[in-house]
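*Asks:* heads up, no residue letters with this:
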């Protein structure tokens, strides 16, 4: 689909100059851009790339000499990544799901699907399900009995939504996600080795045989509005109360949310984050890739944790964390500096000990 430069600029709320009737059919990196593509050069570092490509129009930084670059039109983006968000939204055609319910979908007679739905083949929608208007549901999705989903959801291939799950409006779910599986919760008739170690921090009086008894999950999952779930995310249902994900929160691929977890609004959880059962996460928390959060602790509002951070204790609001175990980021940096000096320090200590040994001192 072709887009005029003027229309793109208006969609982005940005200023533009040159031939605003010029049309482009897509976007590209500057050096690879063809004459019908919009070059993305929102930083002066990419200026040389425009000369290597064949673009006639580009998104550039404010004040760029676009005419000197040989362009016929330019859109000015003070904040490049924000412009990318608007541009990609404008140019994304979305999945090709035919309007209506595909004849090879299986929809329970008691399910209610709002107007304007597009439901692909091999979709299974269970009894009592309610889905709002404008739903787009790709092939092989299953939505179990009693689930409630708001308006304009986009649920992609192979996603599994469990029984009694409640989801708000404008939900986006990537392929393979599982929302509402049973929680991982087991108990032993006698005190288990894990419980003993938690109390003693490492010592064990006796090692005994133990067998695990399953604790069933009676709760479900409640998800707010404008939530996005990445591919192969797993969100476990609660044991008694629901596991909760607040509005505006985004989960990257392979994130695991344990049973009873409560996550606030507008959080960002990157790939392979794992949150153990009954942890509570505040609003606007950012957990970088491979972060882990211990069970039954609280992470305050606006906490930011760097990659692979392991949070074992409560984290105060606004804290920036890094490391294993998690400490303040500036403390972690000092620890790493000290670790790098350890070989030299060890060598000096060995030399001092050798000197003392040579003098006959004990």
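*Replies:* Looks like it came in fine. All values derive from a computational prediction rather than experimental measurement.
*Asks:* can you list the low-confidence ranges for this protein?
*Replies:* The chain contains residues with pLDDT under 70 at 358-362.
*Asks:* can you list the domain ranges for it.
*Replies:* Following automatic domain parsing, one gets these domains for the chain: 3-91, 328-358.
*Asks:* now for the longest helix anywhere in the chain, which elements pack on it?
*Replies:* Taking DSSP state H as the criterion, the chain has its longest helix at helix 329-358. Packed against helix 329-358 by the contact rule (3 or more CB pairs under 8 Å, 6 or more residues apart in numbering; DSSP states H and E) you find strand 320-322. In short, each C-beta sits where N, CA and C put it, glycine included.
*Asks:* the strand it packs on pairs with which strands, and in what direction?
*Replies:* strand 304-305 (parallel), strand 327-328 (antiparallel) (DSSP bridges).
*Asks:* from the chain's centre, how far out does it sit?
*Replies:* 18 Å (CA atoms, centre = their mean, to the nearest Å).
*Asks:* same question for stretch 214-232.
*Replies:* Centroid separation between stretch 214-232 and its chain, computed with CA atoms, centre = their mean, is 14 Å.
*Asks:* which of the residues in that stretch are buried?
*Replies:* 217, 219-224, 226-232 (16 or more other CB atoms under 10 Å).
*Asks:* over to stretch 27-47?
*Replies:* Buried-residue list, stretch 27-47, by 16+ other CB under 10 Å: 27-28, 30-31, 33, 36-42, 46-47.
*Asks:* ranges for the helices of the stretch 151-300 of the chain?
*Replies:* Counting by DSSP state H, counting those that start in this stretch, residue ranges of the helices within the stretch 151-300 of the chain are 193-200.
*Asks:* buried ones in the longest helix of the chain, by neighbour count?
*Replies:* The neighbour-count check on helix 329-358 (16+ other CB under 10 Å) flags 329, 332 as buried.
*Asks:* could you shift the numbering so residue one becomes 192, and keep it that way?
*Replies:* In the new count, where the first residue is 192, that last one comes out as helix 520-549.
*Asks:* start and end of stretch 259-272, how far apart?
*Replies:* Using CA to CA, to the nearest Å, one end of stretch 259-272 lies 24 Å from the other.
*Asks:* that one: which residues count as buried?
*Replies:* Under 16+ other CB under 10 Å, the buried positions of stretch 259-272 are 260, 262, 264, 265, 266, 267, 268, 271.
*Asks:* again, but for stretch 319-329
*Replies:* 319, 320, 321, 322, 323, 325, 326, 327, 328, 329.
*Asks:* follow-up on the earlier one: run the chain-centre distance for the longest helix of the chain.
*Replies:* Relative to the centre of its chain, helix 520-549 is centred 40 Å away, using CA atoms, centre = their mean.
*Asks:* and stretch 312-324, by the same measure?
*Replies:* Computed by CA atoms, centre = their mean, the chain-centroid distance of stretch 312-324 equals 25 Å.
*Asks:* and that stretch, how far apart are its ends?
*Replies:* By CA to CA, the extent of stretch 312-324 from end to end equals 19 Å.
*Asks:* and for stretch 234-246?
*Replies:* Termini of stretch 234-246 sit 16 Å apart (CA to CA).
*Asks:* can you get me a residue count around residue 436?
*Replies:* Residue 436 is flanked by 28 other residues according to other CB atoms under 10 Å.
*Asks:* same deal with the one 3 residues further on?
*Replies:* Using other CB under 10 Å, residue 439 has 18 other residues around it.
*Asks:* I'd say it and residue 419 touch.
*Replies:* No. Using CB atoms under 8 Å as the test, residue 439 is too far from residue 419 to be in contact (9.2 Å).
*Asks:* so which residues of the stretch 192-341 of the chain form helices?
*Replies:* 196-203, 238-243, 271-282.
*Asks:* just the buried residues of stretch 218-238 now: which is nearest residue 362?
*Replies:* Comparing the buried residues of stretch 218-238 against residue 362 with CB to CB places residue 218 closest, at 26.4 Å.
*Asks:* so what sits opposite that closest one in the bridge?
*Replies:* With DSSP bridges as the rule, residue 218 is bridged to residue 229.
*Asks:* surely it touches residue 225?
*Replies:* No. If you go by CB under 8 Å, residue 218 and residue 225 don't touch, sitting 10.9 Å apart.
*Asks:* hmm, back to that, nearest to residue 387, out of the domains of the chain?
*Replies:* Using CB to CB, the domains of the chain put domain 519-549 closest to residue 387, at 30.6 Å.
*Asks:* thinking again about what came up before, among the buried residues of stretch 259-272, which two are most distant?
*Replies:* Maximum distance among the buried residues of stretch 259-272 (CB to CB): 17.6 Å, for 264 and 271.
*Asks:* what about residue 285, neighbour count?
*Replies:* Using other CB under 10 Å, residue 285 is surrounded by 8 other residues.
*Asks:* show me what contacts it?
*Replies:* Contact analysis of residue 285 by CB atoms under 8 Å, 6 or more residues apart in numbering lists 327, 345.
*Asks:* could you measure from it over to residue 207?
*Replies:* 26 Å (CB to CB, to the nearest Å).
*Asks:* wait, residue 271 sits on residue 253?
*Replies:* No. Residue 271 lies out of contact with residue 253 (CB under 8 Å); the separation is 10.5 Å.
*Asks:* which residues touch residue 312?
*Replies:* 293, 294, 295, 296, 330, 331.
*Asks:* wait, I meant residue 410
*Replies:* Counting by CB under 8 Å, 6+ apart, residue 410 touches 428, 429, 430, 431, 432, 433, 434, 450, 451.
*Asks:* excluding sequence neighbours, find me the nearest residue to it.
*Replies:* The spatial neighbour of residue 410 that comes closest, neighbours along the chain excluded (CB to CB, 6 or more residues apart in numbering), is residue 429 at 2.9 Å.
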